[in-house]
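> next input, structure requested:
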Amino acid sequence: MAIVIAEERPDTPDAIALIGELDAHLGALYAVESQHGFSVEKLLRDGVRFFVARDDGRAAGCGGVLLVGREYAEVKRMYVRPMFRGRRIGQLMLDHLVGHARQHGFAVIRLETGIHQREAIALYERSGFRRVAPFGPYRADPVSLCYEKVLSS
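Here you go, the predicted model:
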């Protein structure tokens with residue numbers, strides 16, 4: 001069966017589980033001060049559009065997009081469960097988030113990731129994202145990388 005990506009509230013049981021797994025994964029790699037992920041409450045409060053990728057009904061991954069004024073869109077909380085990796089779900093989710101930003105008239109989409117996220121970095125760079133200086137709430141951090149992609153209309 002094909003992967004289905006649909007918008008869901010980040011406070012659904014599957015979304016909470018995915019975000020919890022992502023937090024546990026990142027918590028093992030980075031100090032608290034270098035973790036920038038939004039909590040479920042902040043995702044809701046800030047109006048992040050949140051999506052879950054499902055494989056035959058099973059929650060396989062997630063990702064969100066924050067629309068920052070009219071300035072830029074930002075990828076948030078992107079994650080694919082280990083048992084589903086290697087099946088292009090991350091690429092499908094990233095394409096979905098980029099498409100959502102483009103559909104809402106944004107010319108730029110940005111993201112922040114950590115230096116230990118090698119597979120994610122490779123995905124972003126393959127997808128046309130380029131390194132940029134820290135933006136918005138981010139500051140120089142030796143374990144943090146910022147990226148952006150200019151979207152064509």
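> toward the C-terminus, what is the element adjacent to the longest strand seen in the chain?
In the chain, with assignment by DSSP state E, the single longest strand is strand 58-68. Sequence-wise, the next helix or strand downstream of strand 58-68 (DSSP states H and E) is strand 72-80.
> paired strands for the longest strand of the chain, with orientation please.
Counting by DSSP bridges, the strands paired with strand 58-68 are strand 49-55 (antiparallel), strand 72-80 (antiparallel).
> could you dump the first one to CSV, C-alpha only?
Coordinates of each C-alpha in strand 49-55 appear next as CSV, following Å, rounded to 0.1, in the frame of the first residue of the first chain:
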residue,chain,number,x,y,z
ARG,A,49,0.4,22.6,10.4
PHE,A,50,1.3,19.0,11.4
PHE,A,51,1.2,15.9,9.2
VAL,A,52,1.5,12.2,9.9
ALA,A,53,2.7,9.7,7.3
ARG,A,54,1.0,6.3,7.5
ASP,A,55,2.0,3.0,5.9
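> rewinding a little: Asp11: which of the strands paired with strand 58-68 is closest?
strand 49-55 (9.2 Å; CB to CB). The C-beta positions use only the backbone N, C-alpha and C, and glycine is treated the same way.
> touching that closest one from outside, list them.
Applying CB atoms under 8 Å, 6 or more residues apart in numbering, the external contacts of strand 49-55 come out as 1, 3-10, 12, 14-15, 18, 43, 59-67, 77, 80, 84, 87, 89, 92-93, 96-97, 100.
> now, of those residues, which are buried?
Among the contacts of strand 49-55, the ones that count as buried by 16 or more other CB atoms under 10 Å are 3, 5, 8, 10, 15, 18, 43, 59-67, 77, 80, 84, 89, 92-93, 96-97, 100.
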